[in-house]
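Participant: turn this into a structure:
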Amino acid sequence: MRYQTIRSSKGQEADHGILLRADSGRMGFPSEIVDDPLLSLVSPESEPFENAVERRVMSVAVTRARLTLTALASEARPSSFVKELLADPSNGVSGPTEAKAKANNCGECAGRLIYMPAQDGSAWYRCEHVQLCGNRLPACPSCSVGLPRHQPGFDGLVCFQCGSVCQACPSCADGWLVERSGPYGEFFGCARYPECLGKARTLKWKS
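Facilitator: Now for the predicted structure:
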């Protein structure tokens with residue numbers, strides 16, 4: 001396996017290729033950092049297409065693979081180039097439809113919540129944008145594998161793995177209430193504590 005920048009791979013080929021970090025954003029591909037307006041005054045001519053330079057770099061990346069190219073991108077913030085490739089059926093590009101069906105989106109930033117097993121047998125979920133978001137949740141308190149999620153037309157959360165029901169936290173989008181104890185007695189606090197301080201004295205219903 002060889003690791004190369006896109007520019008250094010120009011003129012070379014391989015049977016299979018993997019393009020890393022095909023995401024959008026300020027430091028994405030293409031970059032969304034806005035150029036200083038003064039640059040347009042000294043630039044020779046404007047490019048005919050948006051992100052024309054990076055578009056040509058993307059073309060190099062796509063054409064290096066003889067058989068298959070796999071682009072790894074954030075499901076929440078894929079590169080505009082990836083969106084264009086997926087939007088045109090003539091490109092013969094397939095997206096991760098099965099992964100999308102099972103994806104759990106972060107309520108804080110709309111990123112993907114990733115399952116993270118721990119060495120002690122427990123598990124938790126963290127946002128894929130760990131350096132920017134930091135949202136994390138424990139796994140389902142009943143099965144320790146799934147994740148309680150909101151269901152349409154229902155004010156509670158239901159685990160997609162075992163079907164157990166939890167009461168939604170009143171203060172955040174992802175959390176649910178679990179029994180806790182404090183200096184003033186028993187109460188129900190958010191499973192995301194200390195990131196979320198949501199709580200209630202009683203539950204509306206129990207699973």
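Participant: tell me how far the longest helix along the chain is from the chain's mean position?
Facilitator: Determined from DSSP state H, the single longest helix within the chain is helix 52-62. Computed by C-alpha atoms, centre = their mean, to the nearest Å, the separation of helix 52-62 from the middle of its chain amounts to 24 Å.
Participant: got the contact list for that helix?
Facilitator: Residues external to helix 52-62 that are found in contact with it (C-beta atoms under 8 Å, 6 or more residues apart in numbering): 6-7, 9-10, 17, 19, 29-31, 47, 49, 69, 81, 85. Yep, even glycine has a C-beta here, placed from its N, CA and C like the rest.
Participant: buried subset of those residues as a ChimeraX selection?
Facilitator: Selection of buried members from the contacts of helix 52-62 for ChimeraX, criterion 16 or more other C-beta atoms under 10 Å:
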select :6,9,17,19,29,30,69,81,85
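Participant: which two in the contacts of helix 52-62 are spaced the farthest apart?
Facilitator: Using C-beta to C-beta, the pair of those lying farthest apart is 17 and 47, separated by 25.8 Å.
Participant: one step back: quick one: which of the contacts of helix 52-62 sit in strands?
Facilitator: Among the contacts of helix 52-62, the ones falling in strands (DSSP state E) are 17, 19, 69.
Participant: the first one contacts residue 68, correct?
Facilitator: This means residue 17. Yes - with contact defined as C-beta atoms under 8 Å, residue 17 counts as touching residue 68 (7.4 Å).
Participant: domain ranges for this protein?
Facilitator: 7-99, 113-200 (automatic domain parsing).
Participant: deepest-packed of those domains, please.
Facilitator: Counting by mean count of other C-beta atoms under 10 Å, domain 113-200 has the highest mean neighbour count of those, with a mean of 16.
Participant: that domain spans what distance, first to last residue?
Facilitator: Here the two ends of domain 113-200 are set 26 Å apart, with distance taken as C-alpha to C-alpha, to the nearest Å.
Participant: mind checking which helix or strand of this structure has the lowest mean pLDDT?
Facilitator: Every helix and strand in the chain was compared by mean pLDDT, DSSP states H and E; the lowest is helix 97-102, with a mean of 46.
Participant: can you pull the pLDDT of the nearest residue to residue 33 once chain neighbours are set aside?
Facilitator: Setting aside the residues directly before and after it, residue 33 is nearest to residue 26 in space (C-beta to C-beta, 6 or more residues apart in numbering), at 5.3 Å. pLDDT recorded at residue 26 is 76.
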